[in-house]
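1. Give me a model of this one.
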Amino acid sequence: LGHIHPEVGRAMIRLADIFNYHTNGDWESDKDTARSLYQASLTSLRETFGDVNPDLALANNSIGIIFALKNDTKNAMNFFYDALVGYGVKSRADEEQFTTPVSPDVFFVWINVGDLHSVKNEWQLALRSFQKACTSFRSLNKRQKDYLRNIGPRRMMRLATSKSRTSFDDDETFLSSVLQKIGKAQCMLQKYGKSAETLQEALRIQKVLAMRCGGVSSNCTREIARVLGNLGEVQMLSGDLTSSLQSYLQSLDVLRSSGCGDESIEVALVLGAIGQLHLKRRCYAEAIVTLQHCMRIFGSNGVPDDNIRIKGIRSILIDAELALKQNKTSTLAGQVRDSPDVQYDDRALAVDEIANTYKNKGDYCGAIWLYTEALGIRRKK
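-> Take a look at the predicted model:
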């Protein structure tokens, strides 16, 4: 057939897929072999069909995913944009006006591009990419959406693992997912009002999906909890603390009703967010109780003390303890404290004092956390 025959290129893609998804050998070696085969297919496909061809686009997207998995974001981005060209997206105007038929796979490529921009904290570009993915999805018919649902795990960077076989339960899952990504990008750009609206739309979709599965799918209910948690974060950042608390409490109720249990990591994460919210509301005693409970759950699940989330929650707990120590009124029971207002110039010394209090109460784990934090503060000086 010669080296530039299209069937040669397609055969190389099929062979590359075997190394990419089906082998059990060395991960690095298999991915490198797959990438080499995908790249070898490009010449014959481009020489035969030109730059616009779905097989060429598929190969470019697969190469981009492999580069992304190896944290080579520059090459990954280049191949993702080449994939868009292969699917007929030649310019911004073409994509927005849909002057040419849109391939379903364009949705996944825009998601991949947006995820890369998110990793690089390029939130304006991420937002644009996710919005294009959303527009692409809304333009598809039922047959095309079913196609996406079946091939999704291999096209999306986030799910492209060597043995992924997962298919999506519902077409609308895609829309909810991209809306959550849009909401995240809007939040990072401090467009809190738009972000809240976007997440509320995603929440409505998730509730419909939960109704369709009769409420028996824990994945559906946990996704509702996740969207509620994201919404609570946006509302907290925007200053709407009352709505934020309602969203977080709803998220907590949904998690517990889904069979997640009171001692799960998901519950601990929501409790951590509620504790931070109480601190912002100056409800210091509530913040301390909630954050202590959160820390205990993390500990019971074997989360190490140097975990980044543990460190963040410990820091918030210390802020709450210091704030309560400097205020006469405790909001938990409304009682008045007799301790005078003390301004702590030496944070490490203040944390030591709080740790001593924990130790005297017999809470040795809490005392160790706090002593560790005080030691870390001193080391940074």
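
2. Only the C-alpha atoms, please, for the helix or strand that contains residue 274, written as PDB.
-> Using DSSP states H and E, residue 274 maps to helix 265-280. What follows is helix 265-280, C-alpha atoms only, in PDB (Å, rounded to 0.1, in the frame of the first residue of the first chain):
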ATOM      1  CA  ILE A 265     -13.500  11.700  53.800                       C
ATOM      2  CA  GLU A 266     -16.200  13.400  51.800                       C
ATOM      3  CA  VAL A 267     -18.000  14.300  55.100                       C
ATOM      4  CA  ALA A 268     -14.700  15.600  56.600                       C
ATOM      5  CA  LEU A 269     -14.100  17.900  53.600                       C
ATOM      6  CA  VAL A 270     -17.600  19.500  54.000                       C
ATOM      7  CA  LEU A 271     -17.100  19.900  57.700                       C
ATOM      8  CA  GLY A 272     -13.800  21.600  57.000                       C
ATOM      9  CA  ALA A 273     -15.500  24.100  54.700                       C
ATOM     10  CA  ILE A 274     -18.300  24.600  57.300                       C
ATOM     11  CA  GLY A 275     -15.600  25.300  60.000                       C
ATOM     12  CA  GLN A 276     -14.000  27.900  57.700                       C
ATOM     13  CA  LEU A 277     -17.400  29.500  57.100                       C
ATOM     14  CA  HIS A 278     -18.100  29.700  60.900                       C
ATOM     15  CA  LEU A 279     -14.700  31.400  61.300                       C
ATOM     16  CA  LYS A 280     -15.700  34.000  58.700                       C
END
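
3. which element follows it toward the C-terminus?
-> helix 284-300.

4. Quick one: mean pLDDT over that following helix.
-> Regarding helix 284-300, the rounded mean pLDDT is 92.

5. Which residues does stretch 67-82 contact?
-> 31, 35, 57, 60-61, 63-65, 109, 112-113, 115-116, 119-120, 157, 160 (CB atoms under 8 Å, 6 or more residues apart in numbering). In short, each C-beta sits where N, CA and C put it, glycine included.

6. Please pick the buried ones from those.
-> Neighbour counting with 16 or more other CB atoms under 10 Å marks 31, 35, 57, 60-61, 63-65, 109, 112-113, 115-116, 157, 160 as buried within the contacts of stretch 67-82.

7. Okay, and which of those residues map to helices?
-> Judged by DSSP state H, these include 31, 35, 57, 60-61, 63-65, 109, 112-113, 115-116 as members of helices.

8. I'd like these as a markdown table, with distance to residue 374 and pLDDT appended.
-> Output for those, formatted as a markdown table (distance: CB to CB, whole Å; pLDDT from 0 to 100):
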| residue | distance to residue 374 | pLDDT |
| --- | --- | --- |
| 31 | 45 | 88 |
| 35 | 49 | 91 |
| 57 | 56 | 90 |
| 60 | 53 | 93 |
| 61 | 50 | 92 |
| 63 | 50 | 93 |
| 64 | 46 | 93 |
| 65 | 45 | 91 |
| 109 | 49 | 92 |
| 112 | 44 | 92 |
| 113 | 45 | 94 |
| 115 | 39 | 93 |
| 116 | 40 | 93 |
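
9. Would you format those as TSV with distance to residue 9 included?
-> Listed next are these as TSV, based on distance: CB to CB, whole Å:
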residue	distance to residue 9
31	20
35	15
57	12
60	12
61	15
63	13
64	17
65	18
109	19
112	22
113	24
115	27
116	26
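
10. Check which helices and strands the helix holding residue 274 is in contact with.
-> Applying 3 or more CB pairs under 8 Å, 6 or more residues apart in numbering; DSSP states H and E, one finds that helix 265-280 contacts helix 218-238, helix 241-257, helix 284-300, helix 308-325.
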